[in-house]
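> Next come a sequence and a model predicted from it.
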Amino acid sequence: MLSQFVLTGVVGFSTLILFACLIFLAGWACYRLLRRPSSRTLSQYPFVSILVPFYNEPEDSFLTTLDAIERSDYAGPIEVLLVDDGSTNSTPAALALWLREPRRKQYRLISRERNGGAKGLALDAALPLLSPDSDVVTVIDSDTVILPGALRAAVEALYSSPRHAAACGLIVPAGRHTSWLHRLQFYEHIGALAAIRYVQSKIGVVNVVAGAFSLHRTKVIRELGGWGEWLVEDIAWTWRALAHGYSIAYAPDAVAYRICPTTLGGLFRQRRRWARGRLESFRVAWGISWPRTMKMLPWWLLWAQSALVPTSLLLLAGGLIYRSHHLLAVAALNWLLMAVLNFISVLHSRTRLQLGPLDLLLVSVCNTVIDVLLLPANVVGLLDELRGQRKSWMTR
């Protein structure tokens, strides 16, 4: 009976947060209809330093990433620092040929003799070499392709408030028609998570700045430090910034496509690391300011509920194990609210991502499946952090 009560309470709390998100989105939509739309265009665009760390990245995908940066229509000054984290394949040679061609943007290569074992260490190695004029540090993974207007939209979101320490765009897994695993990850990223992140951005508590394409104010990085001390640098840095009283922006129009894991083993390792990073970031923030961390706790618990107690399993527990009408009803409401948020998110991004009616159906089905599929990875990742297991990159 105790476990039934605890489960009902956990899923009930999660359901309350989802309901609040839905009400907020409805209210925000009405507000936007009533007010005159404001332009985010800046009178002067800041100096952006783009960091692209790479290690044994396949030539084709890496050069595609650079071509996308080259095509960016950003109006301000840009420098691009390419950080070779000890690559031993042919990519550095291919990069040298690419750099010999005339380029619109300024590129610099930083070569490290040995791989440091973590992306954050490679990023930290580039920080002392930033231009003195740098206003914004943008991190783009070497397997990520930003759309032409993505950098401009993300900078505009970052500069929409002086409290914003960082901003992120909409990260979309590429190749959704390649396999069922690609399809699951695609709908996971464009579904309710995107809608929830939009709500978080309006109240300044986006709790994950996706490291594949993220922007940070240079002065805040110099104040708070870089990324090298953590296993999952993007999550931990975000929570550190929030714990210091900063806010985080989200730009849904800043779209970036990235290569996603192609095997179940690769996906397991990625999500195991991400789950550990969630707990690691909570500990980092708690050590800085527990009152501010408490304000972010509901979002952490929302993730924990979906990651560790998927709604589909709750429905089975309520109907077959506990035979509890209360648990069954709360779990069903939880799934329904998530489905509505999935629906809203797909509608919001249907034009930019070229989505159709079938996507409205598949997004909730795929999210239900992937929640259960990722359960073992999330549990193992949290246990890694609780037991103090040795930190390793695991996906590199």
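Right, received. Where do you want to start? Residues are numbered from 1 along each chain as shown.
> for the protein, which strand is longest?
Of all the segments assigned as strand in the chain under DSSP state E, the longest by residue count is strand 247-258.
> what does stretch 139-149 rub up against?
Outside stretch 139-149, the residues within contact range by Cβ atoms under 8 Å, 6 or more residues apart in numbering are 50-55, 57, 61-62, 64-65, 68-69, 71-73, 123, 169, 171, 174, 211-216, 234, 253-259. No exception for glycine: its C-beta is placed from N, CA and C like everyone else's.
> Give me the mean pLDDT for it.
In this model, stretch 139-149 carries a mean pLDDT of 95.
> what does stretch 214-222 give?
Computed over stretch 214-222, the average pLDDT equals 96.
> same deal with stretch 290-306?
Predicted confidence along stretch 290-306 averages 91 (mean pLDDT).
> Would you mark the buried spots in it?
Of the residues in stretch 290-306, those buried by neighbour count under the rule 16 or more other Cβ atoms under 10 Å are 292, 293, 296, 298, 299, 300, 302, 303, 304, 305, 306.
> rewinding a little: can you give the strand pairings for the longest strand of the chain, parallel or anti for each?
The strands beside strand 247-258 in its sheet (DSSP bridges) come out as strand 144-146 (antiparallel), strand 164-173 (parallel).
> Residue 11: which of the ones you listed is closest?
Nearest to residue 11 among those is strand 164-173 (27.5 Å), distances taken as Cβ to Cβ.
> circling back to that earlier point, can you flag which of the contacts of stretch 139-149 belong to helices?
Of the positions in the contacts of stretch 139-149, 61, 62, 64, 65, 68, 69, 71, 123, 234 sit in helices, assigned by DSSP state H.
> that older thread, list the helices and strands whichever helix or strand comes after the longest strand of the chain packs on?
Once strand 247-258 ends, the next helix or strand along the chain (criterion: DSSP states H and E) is helix 264-288. In terms of contact count using 3 or more Cβ pairs under 8 Å, 6 or more residues apart in numbering; DSSP states H and E, helix 264-288 is assigned the packing partners helix 180-190, helix 233-243, helix 290-308, helix 375-386.
> ok, now with 6 Å
helix 233-243, helix 290-308, helix 375-386 (3 or more Cβ pairs under 6 Å, 6 or more residues apart in numbering; DSSP states H and E).
> Can you point out the buried residues in the last one?
Residues of helix 375-386 classed as buried: 375, 377, 378, 380, 381, 382, 384, 385 (neighbour count, 16+ other Cβ under 10 Å).
> now that helix: how far from the chain's centre is it?
With Cα atoms, centre = their mean, to the nearest Å as the basis, the distance from the averaged C-alpha position of helix 375-386 to the chain average is 19 Å.
> got the angle between that helix and helix 290-308?
Using axes from the mean of the first three to the mean of the last three Cα atoms, to 10 degrees, the inter-axis angle of helix 375-386 relative to helix 290-308 is 150 degrees.
> still on that earlier bit, how about the strands paired with strand 247-258 in CSV, adding distance to residue 263 and mean neighbour count?
Output for those, formatted as CSV (distance: least, Cβ to Cβ, whole Å; neighbours: other Cβ atoms under 10 Å):
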stretch, distance to residue 263, mean neighbour count
strand 144-146, 19, 25
strand 164-173, 14, 26
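> want to throw these into a markdown table with distance to residue 349?
Rendered in a markdown table, the data for the strands paired with strand 247-258 read as follows (distance: least, Cβ to Cβ, whole Å):
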| stretch | distance to residue 349 |
| --- | --- |
| strand 144-146 | 16 |
| strand 164-173 | 7 |
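> wait, which of those strands is closest to residue 179?
Taking Cβ to Cβ as the criterion, strand 164-173 is the member of the strands paired with strand 247-258 that comes nearest to residue 179, at 11.0 Å.
> circling back to that earlier point, biggest separation within the ones in helices among the contacts of stretch 139-149, which pair?
Between all members of the ones in helices among the contacts of stretch 139-149, the farthest pair (by Cβ to Cβ) comes out as 71 and 234, at 24.4 Å.
> ok, those two, which is more surrounded?
Neighbour count, other Cβ atoms under 10 Å: between residue 71 and residue 234, residue 234 has more, with 23 against 13.
> pretty sure the more buried one contacts residue 206?
No. With contact defined as Cβ atoms under 6 Å, residue 234 does not reach residue 206; the gap is 11.4 Å.
> For stretch 224-232, buried residues please.
Burial within stretch 224-232, assessed by neighbour count using 16+ other Cβ under 10 Å, is assigned to 224, 226, 227, 228, 229, 230, 231, 232.
> and those, which two are the farthest apart?
Among the buried residues of stretch 224-232, the pair separated by the greatest distance (Cβ to Cβ) is 224 and 231, which sit 17.6 Å apart.
> Can I get the helices and strands packed on helix 264-288 in a markdown table including distance to residue 192?
As requested, those are exported to a markdown table (distance: least, Cβ to Cβ, whole Å):
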| stretch | distance to residue 192 |
| --- | --- |
| helix 233-243 | 19 |
| helix 290-308 | 9 |
| helix 375-386 | 17 |
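> any idea how far residue 109 is from the closest residue to residue 133 other than its chain neighbours?
By the measure of Cβ to Cβ, 6 or more residues apart in numbering, the closest residue to residue 133 outside its immediate chain neighbours is residue 47, 4.6 Å from it. In this structure, residue 47 and residue 109 are 20 Å apart, going by Cβ to Cβ, to the nearest Å.
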